[in-house]
Each structure stands twice: as structure tokens, then as C-alpha cells.
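Chemist: Please work out how this folds:
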Amino acid sequence: MTPPPVVEVHGRPRPSLETWYVVPAGIDDPARPSGGNRYDRRVLLGLEELGVPVHELRAGDLATELAAAPDGAVVVVDGLLAVAAPAAVVPAARRLRLVVLLHMPFSEADPTLARAERSVLTAAACVMTTSDWARDWVIRHHGLMPERAWVAAPGVDPAPPAEPSPAGARLLCLAAVTAGKGHDVLLTALETLVDLDWQLTCAGAVDVEPGFVAGLREHVQRSGLGDRVELTGPLADAEVAGALAATDLLVSASRHEAYGMAVSEALARAVPVVVTDVGGHPEAVGAGGVLVPPDDPDRLAAALRRWLTEPAERERLRSAAARRRTELLPWSATARRIAEVVDALNPVGPWPVSPVTTRPRTRP
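Modeler: Have a look, this model is predicted:
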């Protein structure tokens with residue numbers, strides 16, 4: 001009989017039991033890229049590299065997928081799926097060692113989801129969040145026991161530094177075009193900067209909220225920004241890398257962020273960021289950029305004007321981003337964190353591990 005694979009956790013080898021990982025059916029759909037899908041895929045690859053045996057299940061009917069796992073199995077479920085199907089998740093949690101991977105607290109942005117989210121999270125054996133902020137939020141708002149809430153922050157891929165332009169005029173917003181991502185606030189801020197040289201590329205899905213996108217396009221034309229603002233639609237991974245390599249500044253007026261993978265992806269290339277002070281954004285930014293209040297186009301415009309008109313400010317932020325680049329953790333660290341959780345739920349008996357991330361929470 002072939003012995004089970006061995007995973008080394010905390011420097012000590014031990015046999016690993018099989019794990020089930022339930023992901024959205026469209027996890028690899030190039031037309032609908034998302035931070036959550038990229039996170040799931042990178043963690044799955046990382047677990048395989050660590051030798052953790054994982055069964056990937058693509059959810060059609062979540063109840064059916066959960067029924068495929070044997071009693072007592074460790075099952076990781078993408079939080080988007082879990083919160084949408086409490087009737088399937090809560091009963092399954094009675095026979096499975098269920099881990100809900102909560103990419104963001106959905107009820108923070110949509111309070112109507114609070115009851116469903118609370119029932120799922122409190123039924124789970126463990127909840128994984130992507131930031132200290134998100135962990136604290138679910139503990140406070142859902143009464144989650146702290147020892148059952150963990151953090152596995154997103155990693156980054158190594159990338160060469162972007163080559164900045166002298167004027168810093170190339171701006172990039174990397175997000176689905178939705179109200180929650182605050183593109184309307186960003187355009188309002190940029191309307192006050194028409195006396196300056198800049199170009200904005202908005203890269204992200206444009207079919208999630210068609211009405212909002214239509215209003216945004218009308219806003220662009222009405223304000224005379226048609227030759228300065230481009231909505232590209234979703235980009236493939238290679239195209240995202242190219243866009244980041246060719247930008248000077250990442251901007252985001254997002255109203256809700258559990259972490260902000262676009263921020264860390266920019267900083268991995270030493271690209272500075274000007275983003276809103278919401279959710280887990282400060283953890284992603286560290287000292288590598290500027291935080292501004294959400295829904296405040298005047299403060300956002302002021303930060304962008306300083307960037308565009310003051311060479312010393314551009315140099316300061318570029319130096320800060322270059323330092324932050326050296327602090328970011330790779331995806332292998334994220335996968336190892338998930339492996340620790342799987343190991344802790346292993347019925348053979350867990351090794352003692354801390355439920356709190358080792359990444360410090362910093363502000364610029």
C-alpha cells in the first residue's frame with residue numbers, strides 16, 4: 001500500500017489526509033477574472049507543490065459537491081459559494097471539517113446577506129479571511145470565536161520593476177467596473193484635473209453592472225474626458241502584467257476591499273498607489289502609497305494633483321513602493337498558511353499553530 005504524501009509544517013513532516021476544495025465553476029473563465037478566482041487557483045497550485053493531496057470540485061450544485069466528500073473530510077469552500085447557499089453548507093458542516101475561505105465579508109457591503117453569512121461562518125470549523133481587517137470584522141459582527149478565524153493574505157508573483165515615465169501621467173484602475181469599486185468617484189476627481197496631462201486605463205469586467213457602466217460612459221463623454229479615459233474590459237493575466245508594467249500609478253476609489261490584490265500586484269512592480277482607506281487596503285499598501293477617504297473626490301483629486309505636479313512627491317512614492325516591493329510575501333506563503341489550517345483540522349491531531357497572521361498591519 002502506498003503511504004500518504006508527507007507535508008512539512010513547522011519543519012516537522014507528517015502524513016497528510018486528502019482535502020476537498022470547492023471553487024466556482026468559472027474559476028478560469030477569462031471573461032470574468034476576479035481576485036477571488038485568482039486566489040483560489042494560486043492556492044490550489046501551491047497546495048499541490050507542497051504535496052497536499054487536493055480534490056478540486058467545481059460547484060454546479062453546492063449540495064451535490066459537498067455530498068461527494070466523505071464524512072470527516074476537510075473541505076475548503078470558496079466563501080462566495082458558501083454564503084449563497086447556507087441551506088447546503090450548514091447541514092454539511094455537521095459531518096465535514098468545513099473551512100470557509102471568505103475572500104471578503106459580503107455583508108459588509110450588502111447587509112441583506114448578514115443572516116446567511118453568519119449562519120455559514122458560525123457553522124464552519126474554521127473561517128479563512130484574507131486580511132486582519134476582515135478577520136476582525138467577522139469576529140465583531142458575526143460573533144465568531146477568535147480561535148476559529150484565521151488569516152491567509154494573498155501573495156504576489158515576482159516581477160521586474162516597472163519603468164516609470166518622467167511625468168507619471170499613466171494611471172491605471174484595475175477592477176471590475178461596478179459601483180462598489182468607485183469609478184464614479186474617480187471620474188469626478190479627474191474632472192478637476194483637466195488642466196494636467198494624464199491618461200486613465202480602467203481594466204476590468206464591464207458586464208457585471210451594465211447600468212452603472214452605461215452611466216459611467218455617459219459621464220466620460222459629458223465631462224469631455226473621452227480621449228483620456230479608456231475602459232478596456234477584462235484582461236488576461238499576461239495583459240494585466242503588461243498593463244502594470246506600463247503604468248506609473250495605480251488608483252482606486254473602491255468603497256469596499258477585504259485586501260486589495262491589485263494593490264499588491266502593482267507594488268510587486270514598484271508601482272506606487274493612491275487608493276481609498278477602506279477595509280484591508282492599508283494592509284496591502286503598507287508604506288507604499290497614499291490612502292484617501294472613500295467617497296471623497298476632493299481628497300482623491302488633491303492626492304492625484306500632488307502626484308502629477310510635484311516631482312519630489314513622485315520620487316518619494318516611487319521610493320516607498322520600491323521598499324514595499326521587498327516586503328511582499330509570495331503565493332507559496334499563502335498556500336503554506338492554508339496547509340497549516342488543513343493540518344490543524346487533520347483528525348490525526350493538529351500541531352499548535354497561531355490563528356493570527358504574522359504579517360504586521362501597517363499604515364503609511
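Chemist: helix or strand for Ala270, which one?
Modeler: Under the criterion of DSSP states H and E, Ala270 resides outside all helices and strands.
Chemist: residues in contact with it?
Modeler: 161-162, 318, 321-322, 325 (Cβ atoms under 8 Å, 6 or more residues apart in numbering). The C-beta positions use only the backbone N, C-alpha and C, and glycine is treated the same way.
Chemist: How about Arg255?
Modeler: Arg255 touches 109, 179-182, 276, 278, 294-295, counting by Cβ under 8 Å, 6+ apart.
Chemist: Can you add distance to Ser34 and neighbour count and give the contacts of Ala270 back as TSV?
Modeler: Below are those laid out as TSV (distance: Cβ to Cβ, whole Å; neighbours: other Cβ atoms under 10 Å):
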residue	distance to Ser34	neighbour count
Pro161	26	14
Ala162	23	21
Arg318	29	20
Ala321	24	27
Ala322	28	16
Arg325	24	21
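Chemist: In this structure Val206 contacts Glu230, no?
Modeler: No. The criterion here is Cβ atoms under 8 Å, and Val206 misses it with Glu230 at 11.4 Å.
Chemist: gap between the residue nearest the centre of the chain and Ala302?
Modeler: Nearest residue to the geometric centre of the chain (Cα atoms, centre = their mean): Met261, 4.3 Å. From Met261 across to Ala302, the span is 26 Å (Cβ to Cβ, to the nearest Å).
Chemist: can you check His142 too?
Modeler: 37 Å.
Chemist: I'd like to know how far Arg95 sits from Gly72.
Modeler: Separation of Arg95 from Gly72 (Cβ to Cβ): 7 Å.
Chemist: Asn346 too?
Modeler: The value you get for Asn346 to Gly72, if Cβ to Cβ is used, is 10 Å.
Chemist: who's more crowded, those two?
Modeler: The neighbour comparison of Asn346 against Gly72 (other Cβ atoms under 10 Å) goes to Asn346, with 19 against 11.
Chemist: wait, doesn't that one sit right on Val74?
Modeler: Yes. With contact defined as Cβ under 8 Å, Asn346 counts as touching Val74 (7.1 Å).
Chemist: which residues in the stretch 201-350 of the chain form helices?
Modeler: 210-222, 237-245, 261-267, 281-285, 297-309, 311-325, 331-345 (DSSP state H, counting those that start in this stretch).
Chemist: Leu102: which of these is closest?
Modeler: Closest of these to Leu102 is helix 331-345, at 12.7 Å (criterion: Cβ to Cβ).
Chemist: For that closest one, C-alpha coordinates in CSV please.
Modeler: The C-alpha trace of helix 331-345 is given here as CSV (Å, rounded to 0.1, in the frame of the first residue of the first chain):
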residue,chain,number,x,y,z
TRP,A,331,1.9,32.9,-3.1
SER,A,332,3.8,29.9,-1.6
ALA,A,333,3.4,31.6,1.8
THR,A,334,-0.4,31.8,1.3
ALA,A,335,-0.6,28.2,0.3
ARG,A,336,1.5,27.2,3.3
ARG,A,337,-0.9,29.1,5.6
ILE,A,338,-3.8,27.2,4.2
ALA,A,339,-1.9,24.0,4.6
GLU,A,340,-1.4,24.8,8.3
VAL,A,341,-5.2,25.1,8.6
VAL,A,342,-5.8,21.8,6.8
ASP,A,343,-3.1,20.2,9.1
ALA,A,344,-4.8,21.7,12.2
LEU,A,345,-8.1,20.1,11.2
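Chemist: Since that was my last question, I'll sign off now.
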